[in-house]
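**Q** Show me how the following folds:
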Amino acid sequence: MRPAVSSPPPAALVLRLLPSILLLPVSALLLFLSYCYHYLGYRNKAARRTALPNRKTVLITGADTPTGLALARLFYRAGHKVVGADVNASVAPFSASIADFYRLPAPRPAPSHLQKSRKEQAPGGERAPWLKWIFRPQKFGVARRIPYSMRVSNIIGTQEACLWILCDHVTQQEHAEQTINAWSFVDPQRTCAFIHPPKEVRAILEEPTALAAFVNGLEGTHIRAPKISRVFSRAEIHRALGASPKGTKFVLEEEITPERAALMRAYDKEREKRDSGIGGVADDDDVEDVVNEESRTPMRITLPMQTMNETYTTIAELKISKQLPWIMREVVEGEEYAAHVLVVNGELKAFVVSKPESLPAVQRGSPVSRKLLTAGRNHAEIHVPAFVTPDSAFHATLLGFTQTLVSALPDSHGLSTHLTLTFRVSSFPTPTGTAQTIFATSCSTAASPTLASLLQLSRTPETAAKLVAAYLSAVPTPTAENGKVIEPAVRINGHREDEEGAVIFLPEAGVGTVYALPVAVRELLILPIVEVLLWRRVTRKRLVERLREVVENVVHLINLIAFGKEELFELEDPWPALLWWHVVEPMRLLKGVWRGGEVVG
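**A** Numbering: from 1, shown residues only. Okay, the predicted model is just below:
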């Protein structure tokens, strides 16, 4: 049970729901335009569905995410069949790009008595009807006792999918190993390709200490990783501080070990008893000393302190041992960049570099409005990716490093995965000017939301065809009974894939940004106006400044709508976005308030 939270003011909930109400006329107009578009382009649409001779079936799990939906639309436009599946409630069944949709059970270990061959498995199961799927997904029966791996194998076998792309955050982050087992169990001869790295590669890329050691051991590149290590004693901390150059900062953070996790669970139980008024354990001084607020939240300490005495005193007070280690990270300051990569069979098929930029935040100066706006805003700023031009030397440096990194991974020739590499560019003065050092700070194998931005901004048919061909190049080449390779006449929208090397996709010049319309309307239109209306004791000069800020935010919103791309809306496929704006998101907010008294961000 989560800690009790105070009930938000009703006005904060209204601010969250107001975009859904204000966008109703806009949605009606967009729906009318969509039907006109469908009516005028019906023949082209029907021809596109039947024109592709070698039509492939692609399974996308996590189809309700922006990345999954963007991938589904990409393959659908190319004439392929897309099968969607997801664990949670979704608007993906309403998408015209998804031919069939399945609900997946929550991933859990598969019982041994269910380990059958694909021929012995039951058919794919029920498909989710729309209204029951959105409003009461937990009441809609979908073979709940079938484990996640068996369910996925049923879908692959029934639909004869040749490619499985994971965009499911639950599977990616918490049950990746089970997904790998499901793939090898379903398809021992690998007739269905799989976009996800094996366990050995994930252990290198997603473990911070392993990634730092791997990057610092690469040859032929000047990019290195910040120092990061697991420390088990105070002496190790002092040695690391003493061996570092002057001015180097470190962040010391508790590692969540099983022992420390047990303390956190004990704190949750203690807090639950306190909230419910049950006594007993709360009066035990011994338990009170162990189960405290520090046990609930991992500590983060920046070293060294301002004085040496403060540093020694802080380290001396740490609870550190072999059972309770700490993670020591070097602090690297500088601009952050991210490289989003698609690797297929060890080759870079798509590569783009982006820099996250925040939309201008609303200034909150009125004491009356500060609490209201804080409750009504997102917990984080709105971030939109700005793509780095491919003709720059910095882009070429990151591309070369990524190629070196991928080629050095174990069994790189058979590696097919998404990668998101995070970099920081640190500048420092030199006798001749300013020098820069590039640090590789982290890596993720999950499908990045910025990948959806990349896919949705690829509006030219040639670019879309290259991306589809890049994904389908993971599909094994068919062989005849005599063992000879059958020549694959794979054509995407009339274009044959270039067989000479890897296809490196780079964004076109002048691409915009991807945004969420309800969030942009709330942050750039509603909240600035509310701030002006709630301002107290305002002078004429201050009022003019506030109105100027409102106008600037409105202009920014207009630029987003005119030159950007909404993350869910497509004129030829409007229903997922409209249902999310006016049904799913409002219901989610009301459900959060009903259950826990909080406005979900």
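**Q** Can you tell me how far residue 243 is from residue 211?
**A** Applying Cβ to Cβ, to the nearest Å, the value for residue 243 to residue 211 is 21 Å. For every residue, glycine as well, the C-beta is placed using N, CA and C.
**Q** Same drill for the two, tell me which one is more crowded.
**A** Between residue 243 and residue 211, residue 211 has the larger neighbour count (other Cβ atoms under 10 Å), namely 21 against 9.
**Q** who touches the host helix or strand of that one?
**A** Per DSSP states H and E, residue 211 falls inside helix 208-216. With contact meaning Cβ atoms under 8 Å, 6 or more residues apart in numbering, helix 208-216 is reached by 203-205, 223-230, 327, 329, 405, 408, 440, 442-443.
**Q** Alpha carbons of the helix or strand just after it, in PDB - could you do that?
**A** Sequence order places strand 228-231 as the next helix or strand after helix 208-216, per DSSP H and E. Taking C-alpha atoms only, strand 228-231 is exported to PDB below (Å, rounded to 0.1, in the frame of the first residue of the first chain):
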ATOM      1  CA  ILE A 228      31.400   4.200 -11.600                       C
ATOM      2  CA  SER A 229      32.100   1.500  -9.100                       C
ATOM      3  CA  ARG A 230      30.500  -0.500  -6.300                       C
ATOM      4  CA  VAL A 231      32.100   0.300  -2.900                       C
END
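**Q** So what are the sheet partners of strand 228-231 and their directions?
**A** Partners of strand 228-231 in the sheet, by DSSP bridges, are strand 326-330 (antiparallel).
**Q** and stretch 435-452, what's its mean pLDDT?
**A** Regarding stretch 435-452, the rounded mean pLDDT is 81.
**Q** Next, the buried residues of the helix or strand where residue 356 lies.
**A** Take DSSP H and E as the rule and residue 356 turns out to sit in strand 347-358. For strand 347-358, the neighbour count (16 or more other Cβ atoms under 10 Å) marks 347-354 as buried.
**Q** nearest to residue 63, of these?
**A** Within those, the smallest distance to residue 63 is 19.8 Å, found for residue 350 (Cβ to Cβ).
**Q** Using PDB, list the CA coordinates for the helix or strand containing residue 75.
**A** Here residue 75 is covered by helix 66-77, with elements defined by DSSP H and E. Provided in PDB are the C-alpha atoms of helix 66-77 (Å, rounded to 0.1, in the frame of the first residue of the first chain):
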ATOM      1  CA  PRO A  66       3.500   5.900 -29.200                       C
ATOM      2  CA  THR A  67       6.500   3.800 -30.400                       C
ATOM      3  CA  GLY A  68       4.400   0.700 -31.000                       C
ATOM      4  CA  LEU A  69       1.600   2.600 -32.700                       C
ATOM      5  CA  ALA A  70       4.100   4.500 -34.900                       C
ATOM      6  CA  LEU A  71       5.700   1.200 -35.900                       C
ATOM      7  CA  ALA A  72       2.300  -0.300 -36.700                       C
ATOM      8  CA  ARG A  73       1.400   2.600 -39.000                       C
ATOM      9  CA  LEU A  74       4.800   2.400 -40.700                       C
ATOM     10  CA  PHE A  75       4.300  -1.300 -41.600                       C
ATOM     11  CA  TYR A  76       0.700  -0.800 -42.500                       C
ATOM     12  CA  ARG A  77       1.500   1.900 -45.000                       C
END
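**Q** CA atoms only: put the helix or strand following it into CSV for me.
**A** Sequence order places strand 81-86 as the next helix or strand after helix 66-77, per DSSP H and E. In CSV, the C-alpha atoms belonging to strand 81-86 read as follows (Å, rounded to 0.1, in the frame of the first residue of the first chain):
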residue,chain,number,x,y,z
LYS,A,81,-0.1,-7.1,-41.7
VAL,A,82,0.3,-5.8,-38.2
VAL,A,83,-0.8,-7.8,-35.1
GLY,A,84,-0.9,-5.9,-31.9
ALA,A,85,-0.8,-7.2,-28.3
ASP,A,86,-0.5,-5.6,-24.9
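**Q** Tell me where the model's unsure across the stretch 1-150 of the chain.
**A** Counting by pLDDT under 70, the stretch 1-150 of the chain contains low-confidence residues at 1-13, 39, 41-53, 89, 107-146.
**Q** Which parts of it are helices?
**A** 10-22, 24-40, 42-51, 66-77, 130-135, 148-159 (DSSP state H, counting those that start in this stretch).
**Q** contacting residues around the very next helix or strand once past the last one?
**A** Going back to what we said before, that points to helix 148-159. The C-terminal neighbour of helix 148-159 among helices and strands, as given by DSSP H and E, is strand 163-166. With Cβ under 8 Å, 6+ apart as the test, strand 163-166 has contacts from 56-62, 68, 71, 152, 156, 172, 179, 183, 192-196, 447, 471-472, 474-475.
**Q** Partner strands of strand 163-166, with direction?
**A** Going by DSSP bridges, the partners of strand 163-166 are strand 57-61 (parallel), strand 193-195 (parallel).
**Q** What helices and strands are in contact with the helix holding residue 75?
**A** strand 57-61, strand 81-86, helix 449-456, helix 461-472 (3 or more Cβ pairs under 8 Å, 6 or more residues apart in numbering; DSSP states H and E).
**Q** Could I get the ones you listed in TSV, plus columns for distance to residue 104?
**A** Below are these laid out as TSV (distance: least, Cβ to Cβ, whole Å):
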stretch	distance to residue 104
strand 57-61	7
strand 81-86	5
helix 449-456	20
helix 461-472	21
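**Q** for those, which one sits closest to residue 514?
**A** It is, among the helices and strands packed on helix 66-77 and with distance given as Cβ to Cβ, helix 449-456, at 3.9 Å.
**Q** Quick check: phi and psi at the nearest residue to residue 422 once chain neighbours are set aside.
**A** In space, residue 422 comes closest to residue 442 once its chain neighbours are excluded; the distance is 4.5 Å by Cβ to Cβ, 6 or more residues apart in numbering. Per-residue torsions, residue 442: phi -160, psi 170 (degrees, to the nearest 10).
**Q** Also the one 3 residues further on?
**A** Backbone torsions for residue 445, taken as degrees, to the nearest 10, come to phi -100, psi 0.
**Q** residues touching it, list them.
**A** Residue 445 neighbours (Cβ under 8 Å, 6+ apart): 172, 176, 196-197, 201-202, 205-206, 417-420.
**Q** related to what we said a few turns ago, out of the buried residues of strand 347-358, flag the one nearest to residue 254.
**A** residue 354 (31.6 Å).
**Q** which strand residues sit across from the closest one in the sheet?
**A** Beta-bridge partners of residue 354, as defined by DSSP bridges: residue 338, residue 387.
**Q** so what pLDDT did it get?
**A** As predicted, residue 354 sits at a pLDDT of 82.
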